[in-house]
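In: structure of the sequence below:
(chains A and B)
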There are 2 protein chains.
Amino acid sequence: MQLDQSGLEILDEDECRALLARAVIGRIVFTHHALPAIQPVNFALSDGDIVIRTSRRSRLATAASDTVVAFEIDDFDAEKRTGWSVVVVGHARHVSDPADAAALEALPLRTWAPGERDHFIRIRPELFTGRRIADAA
Amino acid sequence: MQLDQSGLEILDEDECRALLARAVIGRIVFTHHALPAIQPVNFALSDGDIVIRTSRRSRLATAASDTVVAFEIDDFDAEKRTGWSVVVVGHARHVSDPADAAALEALPLRTWAPGERDHFIRIRPELFTGRRIADAA
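Out: Numbering: from 1, shown residues only, chains lettered A, B, ... in the order given. Okay, the predicted model is just below:
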């Protein structure tokens, strides 16, 4: 078990990808009007990419176009004071290819919020950072 | 109940502050080496400020010094496909006043991770954005 300088267990890329494959909700981190912005989204994986569904006019669609974003998932247990987080950094791009968009329609990616969400964003993970707080018990 | 253009219920500042007062874990969003960065942290409130405990040499302490950050809390139910999120934007500053630091020592803010965390950061909320996905049922 490898620890970082804060004493947290370092999760390798395989562990990060496995946790991503099981998660349903993540948080996309981007810049909006030169300020740090974050938005929780449900997502699915396709060919290792994080896929998000939104509307074309959303703040997210506008801000996360051909740019580098971070994407975070985590799970913490306040009772046990344990948990883990995975942060992915990668390029976000709009899916403009109709064939790709049609294929993504088959993903289990129904949006939770009401309203039409006919637009897909792909994030290709380039950098993984995973950390776990070991159970003290 | 006021809805945004995505059909999400808008939470007002009082609701956001009430949710912050009950949360234990949040995510601080900042910029590191010109890239979007995010780190989950446990936190407490003091005079309405979000207070985080870290080590002086941490990436967070270095990056979140006299700068504008976002701070996010959320809670989602994957079964019911409901949940809420609160995003606060505000200035983060190091607590350098010894009297203030001594007072913050009394907060219920023990770090979960091992190692010394003798340094406090205050975030003064300036902008609140709260959203809730109404239960479809």
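In: all strands for chain A, in order.
Out: Ranges of strands within chain A are A:9-11, A:25-32, A:35-46, A:49-54, A:67-77, A:82-94, A:119-133, based on DSSP state E.
In: okay, buried residues for the shortest one please.
Out: Think strand A:9-11. For strand A:9-11, the buried set under the neighbour-count rule, 16 or more other Cβ atoms under 10 Å in any protein chain shown, comprises A:9, A:11. C-beta coordinates here come from the backbone N, C-alpha and C atoms, glycine included.
In: which residues touch it?
Out: Residues outside strand A:9-11 that contact it (Cβ atoms under 8 Å, 6 or more residues apart in numbering or on different chains): A:1-4, A:19, A:84, A:86, A:128, A:130-134.
In: so how far is that strand off the chain centroid?
Out: Here strand A:9-11 shows a centroid-to-chain-centroid distance of 18 Å under the convention Cα atoms, centre = their mean, to the nearest Å.
In: with the third one instead?
Out: The chain centroid and the centroid of strand A:35-46 are separated by 5 Å under Cα atoms, centre = their mean.
In: hey, C-alpha coordinates of that strand in PDB?
Out: What follows is strand A:35-46, C-alpha atoms only, in PDB (Å, rounded to 0.1, in the frame of the first residue of the first chain):
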ATOM      1  CA  LEU A  35     -14.400  31.600 -11.800                       C
ATOM      2  CA  PRO A  36     -14.000  28.000 -10.600                       C
ATOM      3  CA  ALA A  37     -17.300  26.100 -11.200                       C
ATOM      4  CA  ILE A  38     -18.500  22.600 -10.400                       C
ATOM      5  CA  GLN A  39     -21.600  20.700 -11.300                       C
ATOM      6  CA  PRO A  40     -22.800  17.300 -10.200                       C
ATOM      7  CA  VAL A  41     -23.900  15.100 -13.100                       C
ATOM      8  CA  ASN A  42     -24.800  11.500 -13.700                       C
ATOM      9  CA  PHE A  43     -22.600   9.800 -16.200                       C
ATOM     10  CA  ALA A  44     -21.700   6.600 -18.000                       C
ATOM     11  CA  LEU A  45     -18.500   5.200 -19.500                       C
ATOM     12  CA  SER A  46     -18.000   4.500 -23.200                       C
END
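In: sheet partners, orientation included, of that strand?
Out: Strand pairing for strand A:35-46, determined by DSSP bridges: strand A:25-32 (antiparallel), strand A:49-54 (antiparallel).
In: CSV for those strands, including mean neighbour count, distance to B:R124 and mean pLDDT?
Out: Below are the strands paired with strand A:35-46 laid out as CSV (neighbours: other Cβ atoms under 10 Å in any protein chain shown; distance: least, Cβ to Cβ, whole Å; pLDDT from 0 to 100):
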stretch, mean neighbour count, distance to B:R124, mean pLDDT
strand A:25-32, 22, 20, 94
strand A:49-54, 22, 31, 95
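In: out of the ones you listed, which gets nearest to B:F71?
Out: strand A:25-32 (11.8 Å; Cβ to Cβ).
In: other residues contacting that closest one?
Out: Strand A:25-32 is contacted from outside by A:20, A:36-43, A:50, A:52, A:59-60, A:63-64, A:67, A:69-73, A:92, A:123, B:27, B:29, B:31, B:36-38, B:72, B:74, B:76, B:78, B:83, using Cβ under 8 Å, 6+ apart.
In: of these, select the buried ones using a PyMOL command.
Out: With 16+ other Cβ under 10 Å as the criterion, this PyMOL line picks the buried residues out of those:
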select buried, (chain A and resi 20+36+37+38+39+40+41+42+43+50+52+59+60+63+64+69+70+71+72+73+92+123) or (chain B and resi 27+29+31+36+37+38+72+74+76+83)
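In: separation between the closest residue in space to A:V24 that isn't next to it in sequence and B:A134?
Out: Spatially, and ignoring its direct neighbours in sequence, A:V24 is nearest to B:A78 (4.8 Å; Cβ to Cβ, 6 or more residues apart in numbering or on different chains). B:A78 sits at a distance of 16 Å from B:A134 (criterion: Cβ to Cβ, to the nearest Å).
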